[in-house]
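Novice: Structure for the following, please:
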Amino acid sequence: MKAICNNVVLAESTDIVMVDGNPYFPRDAMRAEFFRDSRLTTVCGWKGTARYWDVVVDGTVFSNVVWSYETPKPAAEEIRERFAFYRNKGVELVD
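Specialist: Down below sits the predicted model:
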């Protein structure tokens with residue numbers, strides 16, 4: 001699977017974990033030069049606290065479109081060290 005923004009591949013991997021309909025990429029698939037830390041966090045009752053990143057491509061910022069559970073709750077352990085993308089916010093997910 002690939003995550004693409006403005007014709008730039010942000011992440012690519014065949015090692016995808018699906019949770020709640022979202023594909024989670026392994027951390028080593030992240031092309032870090034296109035990601036910028038965001039201050040946003042949210043809490044999911046069964047996964048835990050999510051942290052977010054912005055995506056920056058060719059000077060355009062796509063705010064809070066990537067998230068990860070750095071220390072997930074036990075029920076979500078399979079997504080530790082993984083990240084996912086919001087669809088329809090500038091990032092296209094392609095099989």
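
Novice: check contacts around Trp83.
Specialist: Careful, residue 83 is Phe; it's not Trp. Taking CB atoms under 8 Å, 6 or more residues apart in numbering, we find Phe83 in contact with 11, 24-25, 27, 30, 53, 66-68. Backbone N, C-alpha and C define where each C-beta goes, glycine included.

Novice: Sorry, slip of the keys, the one I care about is Lys73.
Specialist: Neighbours of Lys73 in contact, by CB under 8 Å, 6+ apart: 46-48.

Novice: again with Phe34
Specialist: Counting by CB under 8 Å, 6+ apart, Phe34 touches 5, 8, 10, 55-57.

Novice: Across the sheet, point out what pairs with the most centrally placed residue in the chain.
Specialist: Centroid check for the chain by CA atoms, centre = their mean gives Ala84 as the closest residue, at 2.7 Å. Applying DSSP bridges to Ala84 gives these bridge partners: Trp67.

Novice: I'd like the distance from it to Ala50, if you could.
Specialist: 9 Å (CB to CB, to the nearest Å).

Novice: swap in Glu77?
Specialist: 15 Å.

Novice: and these two? which has more neighbours close in?
Specialist: Per other CB atoms under 10 Å, whichever of Glu77 and Ala50 has more neighbours is Ala50, with 19 against 11.

Novice: Ignoring the adjacent residues along the chain, who's closest to Tyr24?
Specialist: Nearest non-adjacent residue to Tyr24, counting by CB to CB, 6 or more residues apart in numbering: Arg82, 3.8 Å away.

Novice: Sorry, slip of the keys, the one I care about is Asp95.
Specialist: Nearest non-adjacent residue to Asp95 (CB to CB, 6+ apart): Met1, at 5.6 Å.

Novice: hmm, back to that, can you list the contacts of Lys73 in JSON lines and add pLDDT and distance to Pro72?
Specialist: Below are the contacts of Lys73 laid out as JSON lines (pLDDT from 0 to 100; distance: CB to CB, whole Å):
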{"residue": "Trp46", "pLDDT": "97", "distance to Pro72": "9"}
{"residue": "Lys47", "pLDDT": "98", "distance to Pro72": "5"}
{"residue": "Gly48", "pLDDT": "98", "distance to Pro72": "5"}
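
Novice: All good on my end, thank you.
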